[in-house]
Structures are given as C-alpha cells and as structure tokens.
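[1] Quick one: sequence plus predicted model below, questions after.
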Amino acid sequence: MNTLESSSKIKQLIASRREGWTLPGAFYQEDDIYRTEMNSIWRRQWLFAGHTDQVGQPGDFFVVTVDTDSILIIHGLDGTIRAMHNICRHRGTLICQAESGHAKKLVCPYHQWSYSTDGTLEHWRGMQEDLDKSELGLVKLPLRTIEGMIYICLSASPPDFDPAYNSMLPMALPQGLAQAKVAKQVDYIVEANWKLVWENNRECYHCNAHHPQYMRANYDHYNEDDTTDLIRRKIDFAIERDEKRWKDAGLAINHKRTGMVCFPDPDNDIWYASNRTPLAEGYVSETMDGKQVSTLMGDYPNADVGTIRMRTMPNMWMHGSCDHAVLTRLLPVGFNKTRVSVLWLVDQNAVEGEDYQLDQIMPFWQLTSEQDWEICRLAQQGVSSGGYRPGPYSTYKEYNVDAFVRWYLKSLSIDL
C-alpha cells in the first residue's frame, strides 16, 4: 500500500470511530498504522528515556531503541549528558551493541571510526585527507531533564518543553528525584499494542477485580457511581488532615475529587500532568502493608506526604511515595508488542540491606504492573479477532481512556 492509500485508509478509520467508543481493531493490528504512529507521534514528541543515575559517571551510557532508531544516552567526559543517534557516520553501523555500559571513547565495530563521548569524530583510519571531520560527528538529539528524568526528542524541531517542565518541577523537587538512585530495573516485553497499555493505565475500572493491593492503598479508584457518603467523608477527612500538616512543608494537594486525575487533555494539547493526593488511612507508602520501607526521599520532613503521580505522553508514568519512586517507560516493538521498563528509585544515600530491602520496596508496583501486562495481553488477543467490535466507554470510569484516544487520534492526524 502506498503512502496516499495508507493515509486515506487511516482517515476513513478515524472518521468511522464512534465518539465515546473504543477504536476499530485495525489500530491495534496493522503495520501501516503503526508506521504512521512512529512518524507522527514517536519521532515527534518528547520521550522519557531514563534517569540520570543510569549515567551517573562520565563515560556511562545506555541505549534507547525507538522502533528502528537506536539512541545513545551518554554522560560525556566533559560532564554533559547528551543524546545521539547510535550509528557511525561512515556506513551507518550501530556503534554500541550493549544496552548499557561505560566508554572513554566510542568505536564503530565495522571500520573502527572512533568518536569522543561528545560525539566528535576523532579517528578515521584509511580515509582521504581532504574530508572535513567536523561534518561527520555523531548526530545529536534534543535532550532535557526534569530533576533527574531524562527526555529526548527524535525531531530536530521538538515541541516546547517548558510548559511540562514548569508543571512537573514543583512535584519533582520535594521528591528528590535528582538525588535518587536506581535500586532496581525490570524489563518486560508485553504482548500488546502500546495503546492498549496506556488505555489500561488510564482507568481503574478493572482495579477491584485485579489490584486488591492498590484498592487498599488509594482512593482514586472510586468514582461518582460508587462513592458512598462514608467514602466521601473519608476522602474529605484525608484531604483536610493532609492539607493542614503538609502546609508548612510546602506540599500541596492538587487532586481532591474522586476518580483519577483527568489526563491527557487533547483539547489544550497538554501531554503532561502531575499531582499529589492522600493515601488511604494507615498508609504512608505504596507498599504491601503501607509502611515506610526506606529512608525518606528528597525534602520530605516525615512519611506523611501522600503520593505523587506524574505522566507524560506517549511513554511515561511515575508513582512516588515518601521513601521510593517508581518510573515506568514504554517503547513500542511493532504493532503488537511493547517493551516496558520499570525503575525503582530510592534516596542516593540509602544502602540496600541496611536502609531498604528490594523485597519490601518492589512487590506493590511489580505485582500491579504484571497483573496489568496480563490484562493487556488478553486485550490484544481480543482486538485482533475478527469478532471484535468497538464498545462504549463508561463515562464514570473510562473518561481518561476516551481522552487518551482523542489525544492519540489528534496526534496521528498531523501528517495525514
């Protein structure tokens, strides 16, 4: 199918989508739609890449693979963290094959062209002398950070990053994300389209059947249809209690309604969000028993700081407790698979085995995540069936899924 035929087909599919209903199955199982997504969304938007602790020392690097693009994130020997295409300027060979490591210089394995850690071409054995080395450095990409969270953009003309930075910084600062370290990383290949992973994330309709540990710790799974007077009083009490004790610490509650925070906002082109909200009574951390399990992070004066949430389209969500934070990164691997990396962060001075135990920090979100991956796998099987037909969203519980789909379709339409 040529480009014009593909574009026409996608336009017809978008037009056929019934407002407030799920997407047609083709959006989850056709490669030409996936290719359009890669160019209209993944190679155009800011992408969460990782945490600065992963490149904590000069020479440290890790590789992020976005479809066919291999991106090198490296802490240069000059102290600057950069993002560069991980391909030699000679014949295009991948330079770093390892997913992470340490290097004082970057050497192409094919013909041994070598580059400094800032991407400058240094040596090119066997090449003619009239070539200009300055024209053949590694191709750099835009990179920004928000308190340790690294973002890259594959476009030379990225969207404005400052609104996201200004919105998220007040939440990230007291959490101490820039002074955190990665305690553990777990990688998954989820057998589902990346959109299904996001759709699952954007609702808690499924939580009571699949996430009992989350239900006990949080209030945001309640909605207008199931918030009793008793639950409303509990939520109001928690908000009033926490607003008083957090005021002196400069911590603000900015989510006071039942249900999940509304995100994304396609009507106003808002692809980022952050909020702090109370935990359920008896919980100071998102752990299996609600207890603090590591040293306090950042500027927190005590454990009673609730929980923060951060999200950026198209590939990051984060949950932060008083003593640890969990970052989740999505990267598409074809139209029916998604690579998910989950990073557990603790204070940089916390010592494993003394200040924290992985088997206490990890289970809450590891269990919740893996429960979700299985749901997404089953959903992918379903939407790939010839018997699949779009269905209606719950206006009580799936308003954010509808918002995500509208954001997606708006983003997808840019190049059609």
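    Received it, and whenever you're ready, just let me know what you need.

[2] What are the buried residues along stretch 293-300?
    Within stretch 293-300, the residues that qualify as buried by neighbour count (16 or more other C-beta atoms under 10 Å) are Val293, Ser294, Thr295, Leu296, Met297, Gly298, Tyr300. Backbone N, C-alpha and C define where each C-beta goes, glycine included.

[3] Including pLDDT, could the residues you listed go into a markdown table?
    Formatted as a markdown table, the entries for these read as follows, by pLDDT from 0 to 100:
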| residue | pLDDT |
| --- | --- |
| Val293 | 98 |
| Ser294 | 98 |
| Thr295 | 98 |
| Leu296 | 98 |
| Met297 | 98 |
| Gly298 | 96 |
| Tyr300 | 94 |
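
[4] Ile33: which of these is nearest?
    Met297 (40.6 Å; C-beta to C-beta).

[5] Confidence-wise, which helix or strand of the protein is lowest on average?
    Considering only helices and strands, the least confidently modelled element of the chain by mean pLDDT, DSSP states H and E is helix 229-247, at a mean of 82.

[6] Tell me the strands beside the next helix or strand after it, with direction?
    Under the assignment DSSP states H and E, the closest C-terminal helix or strand after helix 229-247 is strand 272-277. Using DSSP bridges, the strands paired with strand 272-277 are strand 307-312 (antiparallel).

[7] what's next to stretch 6-26, contact-wise?
    1, 27, 32-33, 35-36, 195, 383-385, 388, 390-393, 395, 402, 405, 409, 412-413, 415-416 (C-beta atoms under 8 Å, 6 or more residues apart in numbering).

[8] buried stuff in that stretch?
    Buried residues in stretch 6-26, counted by 16+ other C-beta under 10 Å: Ser6, Ser7, Lys9, Ile10, Leu13, Ile14, Arg17, Thr22, Leu23, Pro24, Gly25, Ala26.

[9] Over to stretch 270-282?
    Buried residues in stretch 270-282, counting neighbours by 16+ other C-beta under 10 Å, are found at Ile270, Trp271, Tyr272, Ala273, Ser274, Asn275, Arg276, Thr277, Pro278, Leu279.

[10] The closest residue in space to His210 that isn't next to it in sequence in helix, strand or coil?
    Taking C-beta to C-beta, 6 or more residues apart in numbering as the measure, His210 lies nearest to Gln371, with 5.0 Å between them; neighbours along the chain are not counted. Following DSSP: H, G, I helix; E, B strand; the rest coil, Gln371 is assigned to helix.

[11] State the distance from Gln371 to Ala280.
    For Gln371, the distance to Ala280 equals 19 Å [C-beta to C-beta, to the nearest Å].

[12] next one: Ala49
    Ala49 is 33 Å from Ala280, where distance means C-beta to C-beta.

[13] for Tyr110, same thing?
    To Ala280, Tyr110 is 57 Å away according to C-beta to C-beta.

[14] picking that back up, go ahead and confirm the residue nearest to His210 touches Ala209.
    No - taking contact to mean C-beta atoms under 8 Å, the distance of 9.7 Å between Gln371 and Ala209 leaves them out of contact.

[15] Which of those two has more residues huddled nearby?
    With neighbours defined as other C-beta atoms under 10 Å, Gln371 and Ala209 compare such that Gln371 has more, 19 against 10.

[16] What distance do you get for the more buried one to Asp226?
    For Gln371, the distance to Asp226 - C-beta to C-beta - is 20 Å.

[17] need the strands for the stretch 51-200 of the chain, in chain order.
    In the stretch 51-200 of the chain, strands defined by DSSP state E, counting those that start in this stretch lie at 60-66, 69-75, 81-85, 100-102, 106-107, 114-115, 121-123, 140-141, 143-146, 149-153, 180-190, listed in chain order.

[18] Sheet-wise, list the partners of the second one with their directions.
    Each strand pairing with strand 69-75, determined using DSSP bridges, is listed with its direction: strand 60-66 (antiparallel), strand 81-85 (antiparallel).

[19] pull the CA atoms of the last one into PDB?
    Presented in PDB, the C-alpha positions along strand 81-85 are these (Å, rounded to 0.1, in the frame of the first residue of the first chain):
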ATOM      1  CA  ILE A  81      24.700  14.300  29.300                       C
ATOM      2  CA  ARG A  82      23.800  14.000  25.600                       C
ATOM      3  CA  ALA A  83      21.500  12.000  23.300                       C
ATOM      4  CA  MET A  84      22.900  11.000  19.900                       C
ATOM      5  CA  HIS A  85      22.000   8.500  17.200                       C
END
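
[20] That one vs strand 149-153, what angle?
    Computed by axes from the mean of the first three to the mean of the last three C-alpha atoms, to 10 degrees, the angle separating strand 81-85 from strand 149-153 equals 30 degrees.

[21] pLDDT (mean, whole number) over strand 81-85?
    The pLDDT scores in strand 81-85 average 98.

[22] Run the chain-centre distance for that strand.
    Using C-alpha atoms, centre = their mean, to the nearest Å, the distance from the centre of strand 81-85 to the centre of the chain it belongs to is 19 Å.

[23] what residues does that strand touch?
    Residues external to strand 81-85 that are found in contact with it (C-beta under 8 Å, 6+ apart): 49, 52, 55, 69-76, 118-119, 138-143, 145, 150, 152.

[24] if we can go back for a sec, any chance you could list what contacts the least confident helix or strand of the chain?
    Looking at helix 229-247 with C-beta under 8 Å, 6+ apart, the contacting residues turn out to be 219, 222, 227, 252-253, 256, 258, 278-281, 304-306.
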